[in-house]
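**Q** Below is the structure, and that's it, no one-letter string:
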DNA sequence: GCGACAG
DNA sequence: ATCTTGTCGC
């Protein structure tokens, strides 16, 4: 899938510049549902970190594509490079985007849906990694995070499938979704071209046995073994 | 002003 | 994210 990620023409030097980019791209995120009809290939993305020789750090972006029906691996790609931005809460897309876009470019087939670790709409400026990834690739993206970043929510029911809306500054920005009975919920938020209801349905269907959806678990494992 | 803060 | 062993429980 060549040319999905633009050859980064401008990259922020400061946090202020990074925030300006988020503000400028935010309107481009499509938050209208429902989203793609028939999803055949789903990709999970994750990044692992490694200290680099002589200072700095390396980021390893991994993408694992699964057959949405059987959950069997249909493709994968891994890319390791030097981190281009420091970790700043709210701006970590600028750390993970480069290796992820590079890995996506190495895929043979274009996925119908992307699942990334981290938030989408549930972000201080409503433009987390999932939204940024969607705007840059044009693909439908769902954000799945392990911890709450912004907003608050009630305790979802104990059973798999139960959920509670995450509200931030008066807006519903996502959901705390229980993917397995009795386990901590994951935080699902819209990234691009997928409705919230549909996003939760996809996450639930893709997480038949563990807390995190299978595509993300596979990407997590791949990024570690190759970093 | 102080602390907290996706990964 | 990463640093880290065993251990309690299903």
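**A** That came through, no problem. Just so it is clear, the structure is predicted and the values come from calculations on it, not from any experiment. Numbers count the residues shown, from 1 in each chain, chains lettered A, B, ... in the order given.
**Q** starting at the chain centroid, how far to stretch A:65-84?
**A** When distances are taken as C-alpha atoms, centre = their mean, to the nearest Å, stretch A:65-84 is centred 13 Å away from the chain's centroid.
**Q** Over to stretch A:32-51?
**A** For stretch A:32-51, the distance to the chain centre is 6 Å (C-alpha atoms, centre = their mean).
**Q** again with stretch A:49-66
**A** The answer for stretch A:49-66 is 16 Å, by C-alpha atoms, centre = their mean.
**Q** Tell me where the model's unsure across chain A.
**A** A:1-9 (pLDDT under 70).
**Q** Regarding the residue of chain A positioned farthest from its centre, which helix or strand does it belong to?
**A** In chain A, the residue that sits farthest from the middle, by C-alpha atoms, centre = their mean, is residue A:54; the gap is 30.1 Å. According to DSSP states H and E, residue A:54 maps onto no helix or strand at all.
**Q** which residue ranges form the helices in chain A?
**A** A:15-25, A:93-105, A:129-137, A:196-206, A:214-225 (DSSP state H).
**Q** and those, which is most packed in?
**A** helix A:129-137 (a mean of 26; mean count of other C-beta atoms under 10 Å). Where you see a C-beta, it was placed from the backbone N, CA and C, and this is true even at glycine.
**Q** which residues are contacting that one?
**A** A:4-6, A:22, A:25-26, A:28-30, A:45, A:92-93, A:96-97, A:100-101, A:104, A:114, A:116, A:118-121, A:123, A:139-143, A:189-193 (C-beta atoms under 8 Å, 6 or more residues apart in numbering).
**Q** now check it, is it near DNA strand C?
**A** No: residues of helix A:129-137 are not located near DNA strand C by C-beta under 7 Å from any atom of the strand, the shortest gap being 12.2 Å.
**Q** re earlier: out of the contacts of helix A:129-137, which are buried?
**A** A:4-5, A:22, A:26, A:29-30, A:45, A:92-93, A:96-97, A:100-101, A:104, A:114, A:116, A:118-121, A:123, A:139-143, A:189-193 (16 or more other C-beta atoms under 10 Å).
**Q** Which single residue in chain A comes nearest to DNA strand C?
**A** residue A:48 (3.7 Å; C-beta to the nearest atom of the strand).
**Q** what sits against that residue?
**A** Contacts of residue A:48 (C-beta under 8 Å, 6+ apart): A:59, A:60, A:62, A:220, A:223, A:224, A:226, A:227.
**Q** Around DNA strand C, which positions in chain A sit nearby?
**A** A:48, A:49, A:50, A:117, A:146, A:224, A:227.
**Q** now the third one, which residues is it bridged with?
**A** Read it as residue A:50. Legend: beta-bridge partners of residue A:50 under DSSP bridges are residue A:58.
**Q** Skipping adjacent residues, who's closest to the residue most central in space within chain A in space?
**A** Central residue of chain A (C-alpha atoms, centre = their mean): residue A:116, 2.0 Å from the mean position. Distances taken as C-beta to C-beta, 6 or more residues apart in numbering put residue A:45 closest to residue A:116, at 4.6 Å, once the chain neighbours are dropped.
**Q** The one you found and residue A:96: what is the separation?
**A** For residue A:45, the distance to residue A:96 equals 8 Å [C-beta to C-beta, to the nearest Å].
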